[in-house]
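J.: Here is my input; please provide its structure:
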Amino acid sequence: MKLFSSAIAVFMLLFAFAVPTVANAAGETAEAGVTISPRSGPSFFSNAFSAADWRVDTAILPSGPFPDVPKITPMKVADLGFPPSSALTFNPKPSMPVCPDDQLGPPPTANSIPVPNMLARCPGSLIGNGTAIFGLAQSTSPTATRDGEILVFNGGLVGGLPKIKIYAYSYDTSVGIYTSAILQPDGQLLFNIPQLTSDSSVRSLNLSIPGEEIVLPKPNFALTVTLPAGLDPNYVQAKCVDNAGFPWTADFTLGSRDTGNNPVGGEVTIDDDGIAPCTGVVGRATIGSVQVSGPAKVKRNKVATYSVRVRNSGTIAATGVRLTVSGRGISFNAPVGTINAGVTRTVSVKVKPKSIGKIKATFKATSGNAGSKTATKTVTVIK
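T.: Numbers count the residues shown, from 1 in each chain. Purely as a prediction, here's the structure:
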């Protein structure tokens, strides 16, 4: 039976950056809570992106107690809006492998691969994890709920836009489902949710990027399932401008379908929106040090190589960094690029001295937003 679906991805992303909220329609209540916090320091920056911890907790509940409201209507379509790329980004590392679709099973095909086996299919691609509970045949009864383990994989870039791939597996039913989503520059995400066997419904889930390791004992199966944390701590990044928070919108359609994917009865749409608060402080980049190592004696007109270490001791990335070397008969000028906060970049400098004698070489690193720093080295040039 196909018991997981894109609904997992929908609920994961629906309440991104949301304070806890409640939306009602068709006898259902949608509740959510999201925490998003900077991975370093107490605040986000207002003038630069920084890595974030993102955790989403959701629950879909009937408006009344069981058995008075015995079923939950499944979700069919979700049109979501999130902060634009000026405030929120997904950032797949070019060096991180993409988990191929044929390893996951293209939707709506079920690819029933247990968690350890799926991790082995896509080593190095994991960006997050989570858990879920769902109701068989829309049932709200606690006896009709099943477990779920969620793995979130890197989907790389599609047309320059970041793609996430979500695989969910149930040990109770030995079923797995794969879905994916692409984050648009304006923050829009549109999901069409495939047919679920018996129109089963997600009851609750939590999902984290990059998250922490989750250990789940499975007494009925005499095993323990481990969901590792995501491997890229910088995948989610955000900045908080003017303490304005992170706005979100959600328009999603609920409706039942028969086994042929045909609508049964009417549909209903739940519209919701909100702003998740944030605090932003001004970050600064600073070229804190320039260190030079290399030969103190070189021959005229022969190439000499120096290793230059440039450190950004500030709190945000130093951009447009450039390194120059000057001195009598010595010249060098080359871009270094961006140096992230707290990072030291090593640059190999090759010069060919043209003057004999002692030369005071000046190594200078400059940046448009991080100032400049120099270091000097006395070099003796011989014939």
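
J.: helices and strands of this structure: which one bottoms out on pLDDT?
T.: The weakest-scoring helix or strand in the chain, judged by mean pLDDT, DSSP states H and E, is helix 6-14 (a mean of 37).

J.: need the strands for the stretch 151-300 of the chain, in chain order.
T.: 161-170, 175-182, 188-192, 201-209, 214-218, 223-227, 236-238, 246-257, 263-276, 280-281, 287-293, 297-299 (DSSP state E, counting those that start in this stretch).

J.: Of all those, which one is nearest Ala318?
T.: Closest approach to Ala318 among the strands of the stretch 151-300 of the chain (C-beta to C-beta): strand 287-293, 6.3 Å. Where C-beta positions appear, they are placed from N, C-alpha and C, glycine not excepted.

J.: Please identify the buried residues of that closest one?
T.: The neighbour-count check on strand 287-293 (16 or more other C-beta atoms under 10 Å) flags Ile287, Gly288, Val290, Val292 as buried.

J.: Kindly reformat these as TSV containing pLDDT and distance to Asn369.
T.: Shown next, in TSV, are the buried residues of strand 287-293 (pLDDT from 0 to 100; distance: C-beta to C-beta, whole Å):
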residue	pLDDT	distance to Asn369
Ile287	97	10
Gly288	96	14
Val290	97	17
Val292	97	23
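
J.: out of those, what pair is the most spread apart?
T.: Gly288 and Val292 (14.8 Å).

J.: Now do the SS call for Ala120.
T.: helix (DSSP: H, G, I helix; E, B strand; the rest coil).

J.: Name the helix or strand for the closest residue to Asp172 other than its chain neighbours, please.
T.: Leaving out its chain neighbours, the residue that sits closest to Asp172 by C-beta to C-beta, 6 or more residues apart in numbering is Arg146, at 4.3 Å. Using DSSP states H and E, Arg146 maps to strand 145-158.

J.: give me the low-pLDDT residue ranges for the stretch 1-150 of the chain?
T.: Filtered on pLDDT under 70, the stretch 1-150 of the chain yields the residue ranges 1-26, 30, 32-34, 106-111.

J.: Would you map the strands across it?
T.: 21-25, 28-38, 44-45, 50-62, 75-81, 88-90, 126-135, 145-158.

J.: List the buried residues for stretch 93-107?
T.: Neighbour-count burial for stretch 93-107 [16+ other C-beta under 10 Å]: Met96, Val98, Cys99, Gln103, Leu104, Gly105, Pro107.

J.: Likewise for stretch 35-51?
T.: Under the neighbour-count criterion of 16+ other C-beta under 10 Å, stretch 35-51 has Ile36, Pro38, Ser43, Phe44, Phe45, Ser46, Ala48, Phe49, Ser50, Ala51 buried.
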